[in-house]
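Asks: all I have is the shape, not the residue letters:
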């Protein structure tokens, strides 16, 4: 079996979107990849992100919010930015990593009742899941 690929998911605060993607990619890619997520800042893992992933059978409660600098020495095969801010502020990785970008809405900025906020988290979760499945099909099948 070939060595697993290193995949980095980057977002601004490593609290929502990158955590959702990290959870789905870990589930979808299994032992074909080692998935990391990080932010250009660290905001802690959003409890609503943990809750909506739990609804879909993915446990990210053990995830931590990490700063991208922690992974400077990791040779990434794929670097995926999941928000425009991270892409603009992303450090340059001195590698031949395939760089991918998709700007997902930030569910942490959702307003309204708790039900309305959770609905926004579910919308973004489902968008992230579809993107993760497409990534898996395109690069790992």
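Replies: Nice, thanks for sending it over. Here the structure is a predicted model, which means the values were calculated and not measured.
Asks: residue contacts, the residue positioned nearest the centre of the chain?
Replies: With the centre of the chain defined as its mean C-alpha position, the nearest residue by C-alpha atoms, centre = their mean is residue 18, 2.4 Å away. Listed by C-beta atoms under 8 Å, 6 or more residues apart in numbering, the contact set of residue 18 reads 9, 10, 11, 37, 38, 39, 82, 86. To be clear about C-beta, it is placed using only N, CA and C from the backbone, and glycine gets the same treatment.
Asks: and the residue lying closest to residue 118 once chain neighbours are set aside, what pLDDT?
Replies: Distance criterion C-beta to C-beta, 6 or more residues apart in numbering; nearest residue to residue 118, sequence neighbours excluded, is residue 48 at 6.5 Å. Looking at residue 48, its pLDDT is 97.
Asks: quick one: residue 48 is in a strand?
Replies: No - counting by DSSP: H, G, I helix; E, B strand; the rest coil, residue 48 falls outside a strand, being helix.
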